[in-house]
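Colleague: have a look at this prediction, sequence included:
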Amino acid sequence: MTPPGKLPAPQHGLLLTHFLTVRDVAVSRRFYADVFGGEVVMAENPAMVKVANSWIIMNPGGGPTPDKPGVTLEPPRSGERVSSFLNVRVADLPAFYAHAVAQGADFLTEPVDRGAELRCYLRDPDGYLIEVGQSTGLLRGIQAEAPAESG
């Protein structure tokens, strides 16, 4: 049994966690523990991995329940279009990138210097998009250029 102090249960105020609907709990749990150095707090039902000061909660999908009528949970069908993504900030992006690649993470590109930050994206085993960034120029007041308008 998981000790109560390890669970994401605030004593006051609130605490933000991120829930992912996954195809294979064991694979996803291992990914977040290995790539992000997370601590597995619960292995199943749901799986919980504490990553830094946050928790990733994972369970398989399913149909509506009394508290979410009309809602079906499922992992992403395609990586082409996304409506949200996990944003992770690190102190040393080159070191994180090297560690994550050694753990088998598949990045879309190597880190890109955007002036305000170094940034790159990877996907988890279910195809969820994850941005990993390190503030650099932003700490000195340099902002990233606005994206060019598509026309």
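Modeller: Received the coordinates, thanks.
Colleague: how close does the residue nearest to Y97 when sequence neighbours are not counted sit to D92?
Modeller: Using C-beta to C-beta, 6 or more residues apart in numbering and skipping residues adjacent in sequence, the residue nearest Y97 is P111, 5.6 Å away. The C-beta positions use only the backbone N, C-alpha and C, and glycine is treated the same way. Distance of P111 to D92, given as C-beta to C-beta, to the nearest Å: 11 Å.
Colleague: which residues in this protein form helices?
Modeller: Taking DSSP state H as the test, the helices found in the chain are 25-36, 93-102.
Colleague: point out the most buried one among the ones you listed.
Modeller: Of the helices of the chain, the one with the most neighbours on average (mean count of other C-beta atoms under 10 Å) is helix 25-36, at a mean of 20.
Colleague: check which helices and strands that one sits against.
Modeller: Packing partners of helix 25-36 (3 or more C-beta pairs under 8 Å, 6 or more residues apart in numbering; DSSP states H and E): strand 39-42, strand 47-51, strand 54-59.
Colleague: need the contact list for the residue positioned nearest the centre of the chain.
Modeller: The residue lying closest to the centre of the chain (C-alpha atoms, centre = their mean) is L86, at 4.2 Å. Shown here is L86, whose contacts under the criterion C-beta atoms under 8 Å, 6 or more residues apart in numbering are 18, 128-131.
Colleague: quick check: PyMOL command selecting the buried ones in those residues.
Modeller: Filtering the contacts of L86 down to the buried ones (16 or more other C-beta atoms under 10 Å) takes a single PyMOL command:
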select buried, resi 128+129+130
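Colleague: which stretches of this protein have low pLDDT?
Modeller: 1-5, 149-151 (pLDDT under 70).
Colleague: returning to what we had before: so which of the helices and strands packed on helix 25-36 is nearest G104?
Modeller: strand 47-51 (16.3 Å; C-beta to C-beta).
Colleague: output the contacting helices and strands for the closest one.
Modeller: helix 25-36, strand 39-42, strand 54-59.
Colleague: export the shortest one to CSV, keeping only CA atoms.
Modeller: The reference is to strand 39-42. C-alpha atoms of strand 39-42 as CSV (Å, rounded to 0.1, in the frame of the first residue of the first chain):
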residue,chain,number,x,y,z
GLU,A,39,9.2,8.3,-8.6
VAL,A,40,6.5,5.6,-9.0
VAL,A,41,4.1,6.3,-6.2
MET,A,42,1.4,3.8,-7.4
